[in-house]
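[1] please work out how this folds:
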Amino acid sequence: MKSLYDEKEASKFKTDLDLRVYTSRVLGRDASLVLHGGGNTSVKSRATNFFGESEEILYVKGSGWDLATIEAEGFAPVKMEMLLKMAELKELSDTDMVKYQRLAMTNPSAPNPSVEAILHAIIPFKFVDHTHTDAVVTITNTKDGEARIKELYGDKVLVIPYIMPGFVLAKLIYEMTRDVNWSELEGMVLMNHGLFTFSDDAKKSYEKTIELVDKAEKYLQMSGATLEVEKAASHVELLTLAKMRREVSNLKGKATISILNEGDLAIKFSKKNIENIATQGPLTPDHVIRTKRVPAILGDDYVTDLANYVKEYKKYFDDNKKDETLLNPAPNFAILKGKGSLSFGVNAKEANIIKDINNHTYEAILKAEKLGGYKALSASSIFEVEYWSLEQAKLQGGGSVPEFSGKVALVTGAASGIGLAIAKMLNKRGAAVVALDINPEVENIFSKIDAIGVKCDLTSSEDIQHAISCAVKSFGGIDIVVSNAGIFTPSQNLDVLSDENWQKSMDINLTSHQKLIKYTAPFLKLGVDACIIMVASKNFHAPGKGAAAYSVAKAGQTQLARIAALELGEYGVRVNTLHPHAVFDTAIWTEEVLKNRAKAYNMSVQEYKTNNVLKTDIKSDDVAELVCAMAGKAFAKTTGSQVAIDGGSDRTI
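    Residues are numbered from 1 along each chain as shown. Modelled structure (predicted):
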């Protein structure tokens, strides 16, 4: 492992806290050191209080912050005097620890201090770095892990037997180090937990972490605990993935994102003796609040396998409970025998975090097996952390759940105009979005964890099937289809209407919608409160001269939606249509076009834009709002309906 410390970059940071931010971010850049909010860092410094008095402050990473992106405000300022007095107490409950740590803060708006703040305080150095380094934790999770760690580091590193994080851990180290000469120590290894390093210099503390981890990595290599990952393919049926996702959603009682991990490492791991090596527990107990203790292991009879997992989880709970309340017993990830794994989350971010943790765990377990066997903490020790109120609190800070959380929406024509507004609004309201457009720019517009763009020619069956594959592998299934893509063909009266004009409109404005229904219907039948929303046109009700190709196609699209409502209703799939008109903030309505159209009607541009019963301007976001309503609870018991969004047209009213 190489140091990422950059003297030139570091020289820009002058204060203790600024340096703390810098080296924390450097640690956070390496996923083999910390993952998704894991680890914590601190710096001790002096500050002048409101009364002009100088006092020693511990700036410690706040709950909910990630080391890779932490800012100065992500560190909670806590009075050292209070923390050191707390360390001398014989007992301290978790609730009181959190309360008194918060009471000792000098900024009440700062985040809650890390549960290991007291431990950081008693380490008598300015900078303290705590990581969950893969290499060190891999070694500790073996049958003779403690002996190996002592062999590796000798007396330079203090080895702490596993104990619950928080006050009890701080108290144990406080007692163990009463007679220790801290200046002779290079760090501490917490068995099955992680590594601590410290120094009065930010760079030295960081580079001590790098040095000790590098030793651990070389130890693994010299011991033959290396890993070769061959290229592999999983070949999981898409409908099977959708069925599994539905079963897990049913068990969780809510829509759930399911991400397929068909990477080479995941497939290699899934081909091992997973009934043994995958069911011992997580790499570090911190992971349990994300992953649960063990995965479900799914074969061909995955329904029975999932039911058995729930039974086993309830037994695990009954065997270890005191006065805790049972959490949802459904799995948070699953191993697909010989085919990779799935991770489940309330949203794509959560599912991807679990996927990342899994990849690190798979590698660690396979390496530990080469050191004589992987050995995780006992089920009772893992249960303590899983049901620890302080750990659970980390998952409860998100406020209310967005309306479409856990749902998967596929939106066509999403690179611009109405489609772009719909895709963005569904995503903002919690849906994982797959945005389709023939314009390849859609891939750049939507390139987030929970919103992906797929170049797709909707007249091509192969392109549509590829897009569906992306949706199912990325998010588990399809719940919402917004069939929006369309074009305005040139205006031509019937006696001069070209075959090309007619056919192009039929292909894009009608047949593409039929193809989309054909290929998405099998997945919608397996979706959660699934629906199709057709974006048609006012031209269905009120066609105009010269618009035969467009108007007839839109009439066909509307009829197609009505038939789909009849055919898919028995599967609980709702199909509704909206008819927008005069949506002027789309790309086709340039300033010049608007001026010309307004002039043709002897109107100002504003008069032309509001030429409806309500005298209102219709925007793409207004259409998106109606789409969200149709996809949500307001239309939960409505199918086959048609709703105009045009401000009221005297031609259709």
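
[2] how near is Leu33 to Lys321?
    Relative to Lys321, Leu33 is positioned 34 Å away (C-beta to C-beta, to the nearest Å). Bear in mind the C-beta positions are built from the backbone N, C-alpha and C, glycine included.

[3] higher neighbour count, the two?
    Neighbour count, other C-beta atoms under 10 Å: between Leu33 and Lys321, Leu33 has more, with 26 against 12.

[4] beta partners of the residue lying closest to the more buried one once chain neighbours are set aside?
    Distances taken as C-beta to C-beta, 6 or more residues apart in numbering put Thr131 closest to Leu33, at 4.4 Å, once the chain neighbours are dropped. Beta-bridge partners for Thr131, by DSSP bridges, are Leu195.

[5] hang on, Thr131 packs against Leu212?
    No. Contact criterion C-beta atoms under 8 Å: Thr131 and Leu212 do not qualify, at 9.6 Å.

[6] shared neighbours of the two, anything?
    Listed as contacting both Thr131 and Leu212 by C-beta atoms under 8 Å, 6 or more residues apart in numbering are Leu195.

[7] how about low-confidence regions in this structure?
    Low-confidence segments of the chain, defined by pLDDT under 70: 391-399.

[8] domain map for it?
    As recorded under automatic domain parsing, the domains making up the chain are 7-222, 238-394, 408-583+619-645, 587-617.

[9] distance from the second one to the middle of the chain?
    Centroid separation for domain 238-394 versus its chain: 16 Å, with C-alpha atoms, centre = their mean, to the nearest Å.

[10] again with the third one
    The chain centre lies 26 Å from the centre of domain 408-583+619-645; the measure is C-alpha atoms, centre = their mean.

[11] measure it end to end?
    End-to-end distance of domain 408-583+619-645 (C-alpha to C-alpha, to the nearest Å): 25 Å.

[12] repeat that for the last one.
    End-to-end span of domain 587-617 (C-alpha to C-alpha): 16 Å.

[13] list the buried residues of that domain.
    Across domain 587-617, burial judged by 16 or more other C-beta atoms under 10 Å covers 597-598, 608-612.

[14] residue ranges for the strands of the stretch 551-653 of the chain, please.
    Ranges of strands in the stretch 551-653 of the chain, per DSSP state E, counting those that start in this stretch, are 574-580, 642-645.

[15] nearest to Ala530, of those strands?
    Ala530 lies closest to strand 574-580 among those, at 7.3 Å (C-beta to C-beta).

[16] residues in contact with that closest one?
    418, 530-538, 540-541, 557-558, 561-562, 564-565, 568-569, 618, 623, 626-627, 630, 635-636, 638-646.

[17] what subset of these is buried?
    Listed as buried from those are 418, 530-538, 540-541, 557-558, 561-562, 564-565, 568, 618, 623, 626-627, 630, 635, 639, 644-646; burial here means 16+ other C-beta under 10 Å.

[18] just the ones of those residues in helices?
    418, 557-558, 561-562, 564-565, 568, 623, 626-627, 630 (DSSP state H).

[19] I'd assumed Arg25 was in a strand, is it?
    No. Arg25: not assigned to a strand; according to DSSP: H, G, I helix; E, B strand; the rest coil it is helix.

[20] can I assume it is in contact with Thr69?
    Yes. Judged on C-beta under 8 Å, Arg25 makes contact with Thr69 at a distance of 7.2 Å.

[21] pick out whichever of these two has more residues nearby.
    Arg25 (18 against 10).

[22] can the domains of the chain go into TSV with extra columns for distance to Ala232?
    Formatted as TSV, the domains of the chain follow (distance: least, C-beta to C-beta, whole Å):
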stretch	distance to Ala232
domain 7-222	22
domain 238-394	4
domain 408-583+619-645	15
domain 587-617	44
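
[23] nearest to Glu230, out of those domains?
    Of all those, domain 238-394 comes closest under C-beta to C-beta, at 6.5 Å.
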